[in-house]
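*Asks:* A predicted structure for the sequence below; I have some questions about it.
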Amino acid sequence: MIHPAAVAEQILYEIGDPGAYLMPDVTCDFRQVRTEALDADHVRVSGARGRAPGPHYKCNGTWLDGHQIALALAIRGIDAPAKAQRTAAALLARTRRMMADKGYQDYSETSVELIGCEALYGASARQLPTREVLLRLAARHPEPKALLYLQRECASCGTSMAAGTRATLFGRADVQQVVKVFSFLVPKEEVPLTVRMDDREERIAVASLAGEQILAPALPVCDAPSHNPSGPHAEVPLIALAWARSGDKGDDENIGVIAREPRFLPLLRAQLTPQAVRQWLSHLVKGEVKRYDVPGLHALNFVLHQALGGGGSSSLRSDPLGKSFAQILLDFPLTVPSDWVA
C-alpha cells in the first residue's frame, strides 16, 4: 500500500534515537521528516537532515553460549489451556529428574508459551475458552546431550500423556547452538581502510569528527491545552488514534507510534509515557524505556532496553525479533474527548 502512514512506519523502523542514527559517513536526523501523498501511487518524503559523522564504526561480535531446543505440541479438547500448562510442567519436571540422575545441572532457562492464548500479552491477555492450543516449550542448557531428554519425552507424549495431544507438531526439533551478539563502537582510527590496485596501495581518509558531540540538538515540543480531556470522555485503544510498528536491535526493541491526525499527538504524549509503556509491557521488558519525539511525522519513537530475552537466535521466545510488540501496544487504553469517537 502506497500511503504516507506506511512510509512513516518504515522510516521509524528500528532507528533508535531518530535524531542520531549513526552511519559511517553521516549522522542522520529523521525528526523533521514529513510524508505527503502526491497521488495513489506516490508519497513524497522530505525534511531529512544530516550532521557530521561520529568517530566510531558500529560493530557486532558473536560468541557461542550453550545450546537450546524449541518444541511445539498441539493440544485439543476441553480445558486445552490448562492441559497444556500441566503438560509443560510435567515434561520439565520429568526431564529435570532424568538430567539430575545423569549428573547434569538444571536448565539455564526455560520458556512456556501457549500460542492461541495471547501468550505475549501478560496481564492484559484475555481469558479465551479455546479448545485448541499450541504449546511451545523451549529450554537452554550448556550441554547439548542434556536437551536430548526433553526432545525424546516430547516426541512420545502424544501416546503417553493427556488425550488430544499431538506430539512434536513440526517434526522432531533439533538441538541448536546458541549464537549471541554483542554490539559495540570501534574508533575509526583503529580500522584503517586501504585500496590496492596492482602494485599500488593507498590509505583512504575516513570522514569523522573525533571528539565532537553527535547528540541531536533539542527540538521544541508544543503541547495543545486539550491533551488532558475534561468534560465528557471515552476510553479507546491506541489503535483508534495511531498506527504503530515494531522491530529489534539485538536485545532492544523499537516501537514507532504515529498519530493518525496531528491533533492527537499532544494527548498521546501525555498518556503514552515511557512509564506507561514500560508498565504495559512489564512482563517482557527488563530495562528502561526511552521516548523520542518525531514532530515531522507527528510520532513518538520508543526504545525498550532488554526487552527480547536476549534477542534474535539467543532468545527462547516465539517472537525473538519483537515484531508483535506494536500490535500488543495498540490495545493500550487512552482517555479521549467523547466527540473524537462520536
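*Replies:* Now that the structure is in, tell me what you want to look at.
*Asks:* Can you mark which positions in the longest helix belonging to the chain are buried?
*Replies:* Across the chain, the longest stretch assigned as helix under DSSP state H is helix 80-101. Residues of helix 80-101 classed as buried: 80-81, 83-85, 87-88, 91-92, 95-96, 98-99 (neighbour count, 16 or more other Cβ atoms under 10 Å). Where you see a C-beta, it was placed from the backbone N, CA and C, and this is true even at glycine.
*Asks:* could you dump the helix or strand immediately after it in the chain to CSV, C-alpha only?
*Replies:* The helix or strand immediately downstream of helix 80-101 is strand 109-115, counting by DSSP states H and E. Only the C-alpha atoms of strand 109-115 are listed here, as CSV (Å, rounded to 0.1, in the frame of the first residue of the first chain):
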residue,chain,number,x,y,z
GLU,A,109,16.5,-21.1,31.1
THR,A,110,13.1,-22.4,30.0
SER,A,111,10.1,-20.9,28.2
VAL,A,112,6.5,-22.0,28.2
GLU,A,113,4.1,-20.2,25.7
LEU,A,114,0.5,-21.1,24.8
ILE,A,115,0.1,-19.9,21.3
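*Asks:* So which elements touch strand 109-115?
*Replies:* helix 80-101, strand 132-141 (3 or more Cβ pairs under 8 Å, 6 or more residues apart in numbering; DSSP states H and E).
*Asks:* Check which helices and strands the longest one sits against.
*Replies:* Helix 80-101 makes packing contacts with strand 56-76, strand 109-115, strand 132-141, helix 148-160 when contacts are defined by 3+ Cβ pairs under 8 Å, 6+ apart.
*Asks:* now for those, which one comes closest to residue 298?
*Replies:* The closest of these to residue 298 is strand 56-76. By Cβ to Cβ, the value is 28.8 Å.
*Asks:* which other helices and strands contact that closest one?
*Replies:* helix 80-101, strand 132-141, helix 148-160, strand 165-166, strand 176-187.
*Asks:* can you list these in JSON lines and add mean pLDDT?
*Replies:* Formatted as JSON lines, the helices and strands packed on strand 56-76 follow (pLDDT from 0 to 100):
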{"stretch": "helix 80-101", "mean pLDDT": "96"}
{"stretch": "strand 132-141", "mean pLDDT": "96"}
{"stretch": "helix 148-160", "mean pLDDT": "89"}
{"stretch": "strand 165-166", "mean pLDDT": "87"}
{"stretch": "strand 176-187", "mean pLDDT": "91"}
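*Asks:* now the ones you listed as a markdown table including distance to residue 336?
*Replies:* Below are those laid out as a markdown table (distance: least, Cβ to Cβ, whole Å):
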| stretch | distance to residue 336 |
| --- | --- |
| helix 80-101 | 34 |
| strand 132-141 | 35 |
| helix 148-160 | 47 |
| strand 165-166 | 45 |
| strand 176-187 | 39 |
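*Asks:* can you give me the helices in the stretch 151-300 of the chain?
*Replies:* 265-271, 274-280 (DSSP state H, counting those that start in this stretch).
*Asks:* Residue 137 and residue 111 touch, don't they?
*Replies:* Yes: when contacts are counted by Cβ atoms under 8 Å, residue 137 is listed as touching residue 111 (7.4 Å).
*Asks:* Going by how many neighbours each has, rank those two and give me the top one.
*Replies:* residue 137 (22 against 18; other Cβ atoms under 10 Å).
*Asks:* tell me the domain ranges of this structure?
*Replies:* 4-53+213-340, 62-180 (automatic domain parsing).
*Asks:* Which among those domains is found nearest to residue 193?
*Replies:* domain 4-53+213-340 (9.9 Å).
*Asks:* Quick check: mean pLDDT of that closest one?
*Replies:* Averaging pLDDT along domain 4-53+213-340 gives 91.
*Asks:* can you give me the end-to-end distance of that domain?
*Replies:* 22 Å (Cα to Cα, to the nearest Å).
*Asks:* hang on, isn't residue 9 packed against residue 242?
*Replies:* No: if you go by Cβ under 8 Å, residue 9 and residue 242 don't touch, sitting 10.7 Å apart.
*Asks:* neighbour count winner among those two?
*Replies:* Between residue 9 and residue 242, residue 242 has the larger neighbour count (other Cβ under 10 Å), namely 26 against 21.
*Asks:* anything in contact with each of residue 9 and residue 242?
*Replies:* Residues touching both residue 9 and residue 242 (Cβ atoms under 8 Å, 6 or more residues apart in numbering) are residue 258.
*Asks:* thinking again about what came up before, now tabulate the domains of the chain in TSV and tack on distance to residue 196.
*Replies:* Shown next, in TSV, are the domains of the chain (distance: least, Cβ to Cβ, whole Å):
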stretch	distance to residue 196
domain 4-53+213-340	20
domain 62-180	28
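*Asks:* Go through these and name the closest to residue 188.
*Replies:* With Cβ to Cβ as the measure, domain 4-53+213-340 is the member of those nearest residue 188 (8.1 Å).
*Asks:* closest to residue 192 out of the domains of the chain?
*Replies:* domain 4-53+213-340 (14.0 Å).
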